[in-house]
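*Asks:* Sequence plus the predicted model coming up.
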Amino acid sequence: MAVDMSRVKVLIVDDNGYMLTILRTILHGFGIKQILESKDPADAFDMVRSDSVDIIITDYQMEILDGLDFVRLVRTADDSPNPLIPIIMLSAYSEKSRVESARDAGVTEFCCKPITAKEMFAKIAAVINEPRPFIRNKTYFGPDRRRLATEDSNYKGAERRKGFKKVTAPDDDDGMDVSPEGGDATSAA
């Protein structure tokens, strides 16, 4: 069954014009027609504030404001219109520390360069078809970092995570649904 992505609007943020061209070509191949591009993360944040974007694809390493700072800005800035927007980060560096830094900044998916159309399609399909719940606590806001259900996912003991708020997509006028303080985020994605 073919997937219709013609109504998806994607913002690509990368300071490399060649990567912008590659990504635009791949996205067009998926039927995505609404593509915004920026070489500057600060300008990209202005685009996020002024335009309704469905998915952001950003590079990790850029001049002045890097991809991690951009992700944190989208996730936590007071004037960010949609902190729940899916963000796919691209990087030529796949060290565990970089992947963890991206995850901890609030990235939804991480994709190593060189990218392939197959991998990009899988990441886009994942953020559309399998959205992860969002978590807010004192030090983190972003998608639930726990992806797999484990044997002890129903653990109720003293070491159980407390103080997390599960944030879901807006479904009413206030913009966010948040579970009561101290609620947990047990749903694994």
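*Replies:* Here it is on my side, so go on. Numbers count the residues shown, from 1 in each chain.

*Asks:* Can you list the buried residues in the helix or strand harbouring residue 72?
*Replies:* Applying DSSP states H and E as the criterion places residue 72 in helix 67-76. For helix 67-76, the neighbour count (16 or more other CB atoms under 10 Å) marks 67, 68, 70, 71, 72, 73, 74, 75 as buried. (Glycine included, C-beta is placed from N, CA and C.)

*Asks:* which residues of this structure fall in helices?
*Replies:* Using DSSP state H, the helices of the chain run over 17-29, 41-50, 67-76, 96-105, 117-129.

*Asks:* Compute the inter-axis angle for the last one and helix 17-29.
*Replies:* Counting by axes from the mean of the first three to the mean of the last three CA atoms, to 10 degrees, helix 117-129 points 70 degrees away from the direction of helix 17-29.

*Asks:* Would you mark the buried spots in helix 117-129?
*Replies:* Using 16+ other CB under 10 Å as the test for burial, helix 117-129 gives 120, 121, 123, 124, 126, 127.

*Asks:* do the first one as well
*Replies:* Residues of helix 17-29 classed as buried: 19, 20, 22, 23, 26, 27 (neighbour count, 16+ other CB under 10 Å).

*Asks:* again, but for the fourth one
*Replies:* Of the residues in helix 96-105, those scored as buried under the neighbour-count criterion (16+ other CB under 10 Å) are 98, 99, 101, 102, 103, 105.

*Asks:* what's near enough to touch the closest residue to the first one other than its chain neighbours?
*Replies:* So the one you mean is residue 98. Sequence neighbours aside, residue 91 is the residue nearest to residue 98 in space, at 6.1 Å (criterion: CB to CB, 6 or more residues apart in numbering). Going by CB atoms under 8 Å, 6 or more residues apart in numbering, residue 91 touches 59, 60, 61, 67, 98, 102, 110, 111, 112, 113.

*Asks:* With pLDDT and distance to residue 11 as new columns, can the buried residues of helix 117-129 be given to me in CSV?
*Replies:* Shown next, in CSV, are the buried residues of helix 117-129 (pLDDT from 0 to 100; distance: CB to CB, whole Å):
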residue, pLDDT, distance to residue 11
120, 97, 14
121, 95, 18
123, 96, 15
124, 95, 13
126, 92, 18
127, 94, 13
